[in-house]
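>>> Give me a model of this one.
(2 chains)
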Amino acid sequence: MTDIPLSNKRPRFFLAANPSVLVFLALLGLFTLGVTLLSEGAGTGALSTSFVKTLGKTLCLCLVAIAMDLVWGYCGILSLGHFAFFGIGGYAIGMWLMYARTELIVMESLTSATLPPTSQEVSDAIASQIFGVVGASELPSIWVFAHSLPLQLLAVIIVPGLLALVFGWLAFRSRVTGVYLSILTQAMTLALSLYLFQNDSGLRGNNGLSGLQNLPGLDDMPQSIISVWFFWASALALALGYLLANWVISGKFGNVIRGIRDDEARVRFLGYSVEGYKLFIFTLTAVIAGIAGALYYPQAGIINPAEIAPIASIYLAVWVAIGGRGRLYGAVIGAAFVSLVSSWFTGGQAPDVNLGFYTIKWVDWWTVLLGLSFVLVTLFAPKGIGGLFDLLFHRHLIDRHGADLGPDQGSKREEETGQ
Amino acid sequence: MARLMKAALLLLALSVAPFIAAAQEPSSIQQVLQEHRDAIEKSSRRTIGPAIDAIAASGLPQAPEVLRRWQEKELWQREADGLFFYAEEAGEDPAGEDLLRLFDLDQVSEVDVVPEDDMAQLKPNSGIRNMIGAALVRFQLSDPDPQVRLSGLDSISRDPEASHLTALRAAIVDEEDTSIRARKERLVRLLEVRFGEDTATRVAAIRSFAGDLGVDVRGALNPLVTTELGAAKVLPEDVAREIRPGKDTLSAEDAYTLLVRADLAPPLIDRAEQKSALEANIDNGMVGGVAIAELDTNAARDQAYANLAQAGIVDAVATESDLDDALAAHVFFERYTLDEPEIISAALDTLRSIDRTVSLNQFFDLVLDALSLGSIYFLAAIGLAITFGVMGVINMAHGEFIMMGAYTGYVVQQFIPDYTLSIIVALPLAFAVTFAAGVAMERLVIRWLYHRPLETLLATFGISIALQQLAKNIFGTQARPLTAPDWLGGALSFNDVVSISYIRIAIFVLALIFLGLFLLVMNRTRLGLEVRAVTQNPRMAASMGINPDRINMLTFGLGSGIAGIAGVAIGLYAKVTSELGADYIVQSFMTVVVGGVGNIWGTLLGAGLIGFLQKSIEWFNPSNTLAAQTYMILFIILFIQFRPKGIIALKGRAAEA
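Now for the predicted structure:
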């Protein structure tokens, strides 16, 4: 056996092989620094607290978009259910936030009483505080860990992961692929949101969990500071998520999942356990989505079952498609761009267009514009906004002589692997 | 023999007697009243009977009116000559005396205006008024107008009284209308259940209702078997059933309240009261010898309270800890309130048989409901069965085509006020509109995305949200009515349990028509042949002279057009909103996928399966349709595990096409 020449060896440290990761991390770091310096809580105050929160939420959306890009852009599974995992993460952390805060309030009111409260009284008072709106007065059994932050943090990871594992195992095992899988994941989301809409689901029905922006025990801390903390946490999570995703897609593992995307049967015939790879990616991305949700909803302040409705997951696919799937920075750009522009339009900040006979109010027409631009992107720019970078850096795909682009039949993207 | 003859003669004489009476028919109602003047003036419940009977039996047309007015105290007697009149107030004369305007009883014409002092008002007491009422009911029940008879029956069944029974029985003999007669007989039995003369009559009446579905029967029987809760140390013999507190329907607290009420246990002090009692007796940081800081468990509080009670500061009462012991030491039971075992057992038997019939009929009703829900899903999915099943194109905007059809129906109704005509116009127009929309979409978008199903899904989703928002901008967010014509209103009811609205029947029929149409087009027309050819092998079809582009366009248009018609039908049954289609899209895809892609029979089976499934789950848990939908989707996800290709899976080459 001869030594492999050094020049043919891949660099040992994968960051060196992926300079774009460094660029991304540097940009993210600069952005975080800039926002911090301009924030109300820690800087000049040029950015309002609510805008800092919006930016923090956007970073969380970018993180879940990365998860979506991993599972769809790289593995070819168009999951229309990843926002369900996002929502579950939010619910998991929301339960602790709500419980702990209510517990503090209840303890305060009970300690002022002459007798020290019994544990039964405390839990009854908390339950009636939280569940009064749905007419219940007992803590449902799924709240049994709600008193403990570590356990609920564990739930942020375990519950979406477990759900994805079971669902994915069932789906992949029976070789449900393509659009069938999409519809099935959509059905899963729909089932979950319908379930949560019930008042006796134990999660306050359509009221959802609220008051999540108040951290228990930190009532004296102004929201302007808390918003910066969450912004940092979101940025850190995004950076770690980006690194993790990049690590997953580079190397042999990445090649296999791209192979599964392009032609599942061939990869199977080569002896790879296609189902195992898909299940790993599906579960991993579900966990990432859960973490993103757990960071998102404390900034949003409220979570209800409408957040999990199938449409949310489809919007997630829209972001990734507009940003450009099959490249991680594309997902980040898409999520950030579309969600920020969307909130700009729907927030009533965009000026109305007066056509003389009709005034276009963007609050009403933005969705129409989004839908149509989505069709246009799918038709004419399958690479999305990320495709602009290819133009910028003069990266051209080899001429396919009219063969299809994209992660479907006949697509070959060998240059994407960077090898 | 002679005695028999005598009896026969007597019988004859008796049966003739009324005719003789009728022969001497009084000429005016005044005359009848005068004959019974003494009784009427005396106005006593015991003696008035013959007078009322005489008026009722007079056969005069004025009789019911006289009775009614008498009952309402509008009948007056002139003190001078004892004649009876209707009277109403007529103001005052110059001297300030109240005046009455008198009306003749027979002609109902004004005869005089007299001072009120000259007249005496007849004031029947409530007992007499009831007797008059019963006589009036008899009139109503034998009125020549069937409508009046029916309304009489209605009022009796609304508010039955014992006195109605005789009147009803009397009114059966002369009844000629068979259906009214049947109703009268049924009502008699129903009244006998409650007011029958003896136990045997009542039991017979109760047993005669075995298996009857009428709500009124259950309404009459259920009070007979009402129970009351009781508690005792040992179980008495005559109980309906024993009840375990904490399980069944009796909570532990309620059970204890029963014990307290039966003096079997001391009153309970609940935690809140106990707490306030403790708080009231704080002494130097201690309560009953226990430090306040230690009172954070129930046991410590019980101890403190017991200490207080021992010291005589508070009443010795049971605490919640004693509750379980007390409950364990006693039995709880239900006992019938009625003390007539024969009637109770007859009622129980009848109710059991009714329950059996009711559940059987409920099952039929469930089947009908499921069929109608299945046909709605089928209607919504049949367009998809073409675009998705045959062409393999995922059209997420399919729901929006359904919505467009419904809105087309709504717009047509704004121009054509006649509902029947507007529906007839709306159906083809909805087809035309959505056909055009489908063709446009195929030409502009889908054509470029064949073989890229995931991107088709996303692009059509973009169209879907755009169309939905567009509908919201045009028609607003509130629901628009799409009114069904009158002949589709109402419901076909087989009995009190099984019924189905005509709109659902119409949707079912429409679904059948579409199934037939689909089969006809696919199997018997040139277009169908070409569609199947293009589906199986586009290149080969093209070389045979078929233009695949044109066929794809037409097929897609056809699928979309059917969605439009389905929209009109669904709009009639549900409210038209911009989310109408979105509500059905996931279920429609489920229907197609469960049934098996590419096979219309599969879609039919899928729709039926989903319809039955959803209704059955709702049956087990009727209050919660959300849960039903959740469990149905979970079931479908599991179902796909076992039959990934649906109920009817395509085999061979067609499966790969």
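>>> going forward, measure contacts and count neighbours with C-alpha atoms only.
Will do.
>>> Quick one: low-confidence residue ranges for the stretch 551-657 of chain B.
The stretch 551-657 of chain B contains residues with pLDDT under 70 at B:622-623, B:650-657.
>>> What is the longest strand of chain B by residue count?
Determined from DSSP state E, the single longest strand within chain B is strand B:84-92.
>>> Who does the helix or strand just after that strand pair with, and is each partner parallel or antiparallel?
The element immediately downstream of strand B:84-92 (helix or strand, assigned by DSSP states H and E) is strand B:98-103. Paired with strand B:98-103 in the same sheet, following DSSP bridges, are strand B:84-92 (antiparallel), strand B:110-115 (antiparallel).
>>> coming back round to it: can you show me the CA trace of the longest strand of chain B as PDB?
Presented in PDB, the C-alpha positions along strand B:84-92 are these (Å, rounded to 0.1, in the frame of the first residue of the first chain):
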ATOM      1  CA  PHE B  84    -127.100  35.400  29.500                       C
ATOM      2  CA  PHE B  85    -125.100  37.800  27.300                       C
ATOM      3  CA  TYR B  86    -121.500  38.400  26.200                       C
ATOM      4  CA  ALA B  87    -120.500  41.800  27.500                       C
ATOM      5  CA  GLU B  88    -117.700  44.300  27.100                       C
ATOM      6  CA  GLU B  89    -116.900  47.500  28.800                       C
ATOM      7  CA  ALA B  90    -118.500  50.600  27.200                       C
ATOM      8  CA  GLY B  91    -117.200  53.500  29.200                       C
ATOM      9  CA  GLU B  92    -119.200  55.400  31.700                       C
END
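>>> Other residues contacting it?
Residues outside strand B:84-92 that contact it (Cα atoms under 8 Å, 6 or more residues apart in numbering or on different chains): B:30, B:33, B:69, B:74-78, B:98-105, B:113.
>>> hmm, try it at 6 Å
Outside strand B:84-92, the residues that touch it by Cα atoms under 6 Å, 6 or more residues apart in numbering or on different chains are B:74-77, B:98-105.
>>> tell me which parts of chain A are close to chain B?
Contact residues, chain A versus chain B (Cα under 6 Å from any Cα of the partner chain): A:116-118, A:174, A:191, A:194-195, A:368, A:371, A:374-375.
>>> Export those as JSON lines, with columns for secondary structure.
Shown next, in JSON lines, are the residues of chain A next to chain B (DSSP: H, G, I helix; E, B strand; the rest coil):
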{"residue": "A:116", "secondary structure": "coil"}
{"residue": "A:117", "secondary structure": "coil"}
{"residue": "A:118", "secondary structure": "coil"}
{"residue": "A:174", "secondary structure": "coil"}
{"residue": "A:191", "secondary structure": "helix"}
{"residue": "A:194", "secondary structure": "helix"}
{"residue": "A:195", "secondary structure": "helix"}
{"residue": "A:368", "secondary structure": "helix"}
{"residue": "A:371", "secondary structure": "helix"}
{"residue": "A:374", "secondary structure": "helix"}
{"residue": "A:375", "secondary structure": "helix"}
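>>> Quick one, which of those are buried?
Buried by 16 or more other Cα atoms under 10 Å in any protein chain shown: A:116-118, A:174, A:191, A:194-195, A:368, A:371, A:374-375, out of the residues of chain A next to chain B.
>>> Write out the residues of the stretch 151-300 of chain B neighbouring chain A.
B:296-297.
>>> secondary structure class for the residue in the stretch 151-300 of chain B positioned nearest to chain A?
Proximity of the stretch 151-300 of chain B to chain A (Cα to the nearest Cα) peaks at residue B:296, 4.3 Å away. What three-state DSSP gives for residue B:296 is coil.
>>> Give me the spatial nearest neighbour of it, chain neighbours excluded.
Sequence neighbours aside, residue A:118 is the residue nearest to residue B:296 in space, at 4.3 Å (criterion: Cα to Cα, 6 or more residues apart in numbering or on different chains).
>>> Read off the pLDDT value for the one you found.
pLDDT, residue A:118: 78.
>>> can you give me the strands in the stretch 301-450 of chain B?
Assigned by DSSP state E, counting those that start in this stretch, the stretch 301-450 of chain B shows strands spanning B:331-336.
>>> Run through the chain and note the low-pLDDT ranges.
Just so you know, I chose chain A. A:1-17, A:394-419.
>>> Please refer instead to chain B.
In chain B, residues with pLDDT under 70: B:1-26, B:246-248, B:318-321, B:622-623, B:650-657.
>>> change it to 50
B:13-23, B:654-657 (pLDDT under 50).
>>> near chain A at all, the helix ranked longest in chain B?
Ordering each helix of chain B by length in residues (DSSP state H) puts helix B:341-384 first. No: using Cα under 6 Å from any Cα, helix B:341-384 stays clear of chain A, coming no nearer than 13.4 Å.
>>> Run the angle between that helix and strand B:331-336 for me.
Per axes from the mean of the first three to the mean of the last three Cα atoms, to 10 degrees, the angle that helix B:341-384 makes with strand B:331-336 is 90 degrees.
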